[in-house]
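Novice: What would the 3D arrangement of this be:
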Amino acid sequence: MDAPLAADDARSRHRREQAAAFDQIGPRYQETFAGNDGQRDVLEVLLRRLHAGARVLDVGCGSGLPTTRALVDGGCTVTGIDISPVMLELARRNVPAATFLRCDVRDVDGRLESFDAIVALFTLLMLPRAEITQTLVRFRECLRPEGLLVLAMVEADVDDAPYSLLDAPARISGWPRHELRRVLAEAGFTVWVEDVRLYEPAAPADREVQIFLIAEVTPGL
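Specialist: Got it, this is the predicted structure:
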């Protein structure tokens, strides 16, 4: 069952606009951003650390490809969340073995369940910086004490800046890589893998510097 979205306010308008952007993009997103070696490699590192049947939350799962599929194929029990009904329909067809919920990343909390890992690949960059930091704290609260966070961001020094995503209006945020590590530390995570790569998607998207991080919950928090 789809999770309810919040009341009509500034935040819910923002999420409706973001959902509409990805509804509009649909399958074109995967066509444009396919073949991401950094994404593949960071998932392989994660899967080597997880036990069979590990519970993983895929935040902003999109069409389920390639992330949700890779996690399921790796033996994980996966819950994918997204705010785009179009993307969720694609995901349910592409990865029927996973569970998918309509849920905003900003509504993630301990009511879902406790996870061994949370994967958020290019999802948080769609939020303002203040909401990213709040969401990271909630991620930590949803993870088991030894839980892992896999995060991918585009390196950029912007906060809620307008952006054209495959001709759909969107807004994005980001930090330089050293600042992103600080943000994670303040949210209660210790980074143990960092991989920075230059990525050139298919036209019409521009090349970008991508940051892939794997972090553990900092002990004692």
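Novice: Give the next helix or strand downstream of the helix or strand of the chain with the lowest mean pLDDT.
Specialist: Here the helix or strand of the chain ranked lowest by mean pLDDT, DSSP states H and E is helix 28-32, holding a mean of 66. In the C-terminal direction, the helix or strand that comes right after helix 28-32 (DSSP states H and E) is helix 37-49.
Novice: where along the chain do the helices fall?
Specialist: 10-25, 28-32, 37-49, 67-73, 85-94, 129-142, 177-186 (DSSP state H).
Novice: Deepest-packed of these, please.
Specialist: Greatest average neighbour count among the helices of the chain goes to helix 67-73 (a mean of 22), per mean count of other Cβ atoms under 10 Å. Where you see a C-beta, it was placed from the backbone N, CA and C, and this is true even at glycine.
Novice: Looking at that helix now, give me its mean pLDDT.
Specialist: The pLDDT scores in helix 67-73 average 97.
Novice: got the CA coordinates for it in PDB?
Specialist: What follows is helix 67-73, C-alpha atoms only, in PDB (Å, rounded to 0.1, in the frame of the first residue of the first chain):
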ATOM      1  CA  THR A  67      20.200  -0.700  -8.100                       C
ATOM      2  CA  THR A  68      17.200  -2.600  -6.800                       C
ATOM      3  CA  ARG A  69      17.800  -5.400  -9.300                       C
ATOM      4  CA  ALA A  70      21.500  -5.700  -8.200                       C
ATOM      5  CA  LEU A  71      20.600  -5.800  -4.500                       C
ATOM      6  CA  VAL A  72      17.900  -8.500  -5.100                       C
ATOM      7  CA  ASP A  73      20.200 -10.500  -7.300                       C
END
